[in-house]
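Novice: Using only what follows, build the 3D model:
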Amino acid sequence: MSTGRIRGLHWAAGASLSALALFSPRAAAETPFKPERFDETWPPNGAGAPFGAEFKNIEVAPDVSVSFGGDMRWRFAALDAPRLGLGGAEADSWLLQRLLLHADLRFGDDARVFLQVGAHDGVSREIPSSTDDDGIDMQQAFVDLNHDFGDAHVTLRLGRQELALGPRFLTTRDSGNVRQRHDMGRLIIRDGAWRFDAFAGHPTGLSPGPFDDEADQAQTFYGGRLQYAATGVTTDISVYEHDRDSASLAGVTARDERVSAGLRSFGRRGDVDFDIEAIFQSGAFGGDDIRAVGLAADIGRTFPHHPLAPRIGARFTYGSGDSDSADGVAETFAPSFPSTSWFGQNGLASFANIVEVAGLLALTPRPDVTVTSKVAAVWRADTNDFLYAGGAYLAGTSGGEDAFTGLAPSVSVAWRPTENIMINPYVSYVALSDEVRSRGAHDVTYAHLSISLRF
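Specialist: Sure thing, here's the model as predicted:
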């Protein structure tokens, strides 16, 4: 089947599914849908669920049920200076479409089969991302086997699956078009407030044809996380290793064997919410030892009884840079599967070699609308290292005496007209420092409109 015909089928399917989801009848401040669709649980026959309830918990045999669901997202984006305008990059605009359909077959509490098919299409992007396009392919396909050992509930998950251990450093990279997934085995043990995850496998590679994605044998990924949740606060300890035959860092390409050890605490106490995380990295990059660190703190307070229920917050983010490329130590922080949207939706920042201090203000004029504004000041953590955008270094940006990179204000609106629909306009501006401008870069404006439908 030709690429043009496959693209036409993508768009026809998206239009049909969106027409169905638009029948959802009511606005909502929250939604029962989870970021990971396999984490959802529905009452018998989907009672009380939003549109799509008729596709949940359908009994097909005694103690056997199946649920169906779908995700659709369209994002139109415009950026006037990709890569900060360096290298002669010109203004760009593009459209991304993501279509996902899943089936969740459960055999009582003993086993399940979860299948999710995806189709991803990027249109008119001059500098495409590696995750823009993927033909119709298996996004997830795994089997869960469950058993209780005393008070502990044990799940063995085998197959293609998504894995997220937090919102920053090890994520599904949802902001991109094709979400990150892995061909792996995963063991999950739950016992009261405790949870333990162990996993091992390979990230899934992307191939353009239909149903041809395979495990990337050039990468190996394994590790574990121990989690304790009580009294509104959750604490994680994680250790994992990501080995890549070929990785690029600070202008050098070499084998990367990187171990990340992290500690995270997040939760809410009254009107105060917080999320604090630290990651320490060791291992080897080519012939160099790795010694890198990443830190993030996000703290805010909501005033629910004041007009517009404001949340006032502050963020601090740090990713180490390399102080000397010839000293035998690679110090640039490089998380395995980071969120590209932590700093903003424009994809112009990275956790490598960065210091960010930001203030945030979120207002809720209606229960189904939240407006969030952010102003951030950004520096290089080490002037001897490069600026990075989306994990890639920007040539010609190392050195100099001034570490200050610039100011980045942004405004985002999250409007949920129904429980099934999210509409998200976003705009940001990056005002670069004189130091960065002297390298040929210039200020950047970015905007997008994203529409998501779920059932």
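Novice: ok, and the closest non-adjacent residue to the residue nearest the centre of the chain?
Specialist: Computing the C-alpha centroid of the chain and ranking residues by C-alpha atoms, centre = their mean puts Arg173 first, at 2.8 Å. Nearest in space to Arg173, with sequence neighbours left out and distances taken as C-beta to C-beta, 6 or more residues apart in numbering, is Gln180 at 4.6 Å. Placement of C-beta: from N, CA and C, glycine included.
Novice: And the one you found, which helix or strand is it part of?
Specialist: Element membership for Gln180 (DSSP states H and E) is empty, with no helix or strand holding it.
Novice: so who does it touch?
Specialist: If a contact means C-beta atoms under 8 Å, 6 or more residues apart in numbering, then Gln180 has Glu162, Leu163, Thr171, Thr172, Arg173, Pro203, Thr204, Phe337 as its contacts.
Novice: gap between it and Val413?
Specialist: Computed with C-beta to C-beta, to the nearest Å, the distance linking Gln180 and Val413 is 26 Å.
Novice: quick one: secondary structure of the residue lying closest to Ser438 once chain neighbours are set aside?
Specialist: The shortest distance from Ser438 to any non-neighbouring residue, by C-beta to C-beta, 6+ apart, is to Gly400 (7.9 Å). Judged by DSSP: H, G, I helix; E, B strand; the rest coil, the three-state class of Gly400 is coil.
Novice: if I pick Gly400, what's in contact with it?
Specialist: For Gly400, the set of contacting residues under the criterion of C-beta under 8 Å, 6+ apart consists of Thr383, Glu435, Ser438.
Novice: Against Phe266, how distant is it?
Specialist: For Gly400, the distance to Phe266 equals 36 Å [C-beta to C-beta].
Novice: Check the offset of stretch 410-429 from the chain's centre.
Specialist: The offset between the C-alpha centroid of stretch 410-429 and the centroid of the whole chain comes to 17 Å, using C-alpha atoms, centre = their mean, to the nearest Å.
Novice: and the end-to-end length of that stretch?
Specialist: Across its full length, stretch 410-429 reaches 6 Å between end residues, using C-alpha to C-alpha, to the nearest Å.
Novice: Please state the mean pLDDT value computed over it.
Specialist: For stretch 410-429, mean pLDDT is 96.
Novice: again, but for stretch 67-80
Specialist: Averaging pLDDT along stretch 67-80 yields 96.
Novice: Can you mark which positions in that stretch are buried?
Specialist: Buried residues in stretch 67-80, defined by neighbour count with 16 or more other C-beta atoms under 10 Å: Ser67, Gly69, Gly70, Asp71, Met72, Arg73, Trp74, Arg75, Ala77, Leu79, Asp80.
Novice: what does stretch 338-352 give?
Specialist: 338-352.
Novice: Pick out whichever of those residues sits closest to Thr31.
Specialist: Taking C-beta to C-beta as the measure, Thr31 lies nearest Ser341 of those, at 18.6 Å.
Novice: Need phi/psi at the residue nearest to that closest one when sequence neighbours are not counted.
Specialist: Residue nearest to Ser341 in three dimensions, not counting chain neighbours: Ser175, with 3.9 Å by C-beta to C-beta, 6+ apart. Note on Ser175: its backbone torsions stand at phi -60, psi -30 [degrees, to the nearest 10].
Novice: so how far is Arg439 from Ser175?
Specialist: With distances defined as C-beta to C-beta, the gap from Ser175 to Arg439 amounts to 26 Å.
Novice: again, but for Gly85
Specialist: Remark: distance between Gly85 and Arg439 (C-beta to C-beta) = 10 Å.
Novice: Pro62 - how many residues pack around it?
Specialist: Close neighbours of Pro62, defined as other C-beta atoms under 10 Å, add up to 6.
Novice: Which pLDDT value belongs to it?
Specialist: Looking at Pro62 specifically, the model assigns a pLDDT of 93.
Novice: Surely the residue nearest to Ser341 touches Trp342?
Specialist: No - because the distance of 9.1 Å does not satisfy C-beta atoms under 8 Å, Ser175 is recorded as not touching Trp342.
Novice: Quick check: next helix or strand after the helix-or-strand element of the chain with minimal mean pLDDT?
Specialist: Of the helices and strands making up the chain, the lowest-confidence element is helix 3-21, at a mean of 49, by mean pLDDT, DSSP states H and E. Using DSSP H and E, the helix or strand that follows helix 3-21 towards the C-terminus is strand 58-61.
Novice: Each with direction, which strands does that following strand pair with?
Specialist: Next to strand 58-61 in the sheet, as set by DSSP bridges, lie strand 64-79 (antiparallel).
Novice: Average pLDDT for the very next helix or strand once past the strand it pairs with, rounded please.
Specialist: The helix or strand immediately downstream of strand 64-79 is strand 92-107, counting by DSSP H and E. For strand 92-107, mean pLDDT is 96.
Novice: For the stretch 351-455 of the chain, which segments are assigned as strands?
Specialist: Using DSSP state E, counting those that start in this stretch, the strands found in the stretch 351-455 of the chain span residues 354-366, 369-379, 388-389, 392-393, 404-418, 421-432, 444-454.
Novice: name the helices or strands packed onto the second one?
Specialist: It refers to strand 369-379. If contacts are counted by 3 or more C-beta pairs under 8 Å, 6 or more residues apart in numbering; DSSP states H and E, strand 369-379 sits against strand 354-366, strand 404-418.
Novice: Pull out the buried positions in it.
Specialist: Applying a neighbour-count criterion of 16+ other C-beta under 10 Å, one finds Val369, Thr370, Val371, Thr372, Lys374, Ala376, Val378, Trp379 buried in strand 369-379.
Novice: I'd like to know how far the residue nearest to Arg173 sits from Ala230.
Specialist: Counting by C-beta to C-beta, the gap from Gln180 to Ala230 is 30 Å.
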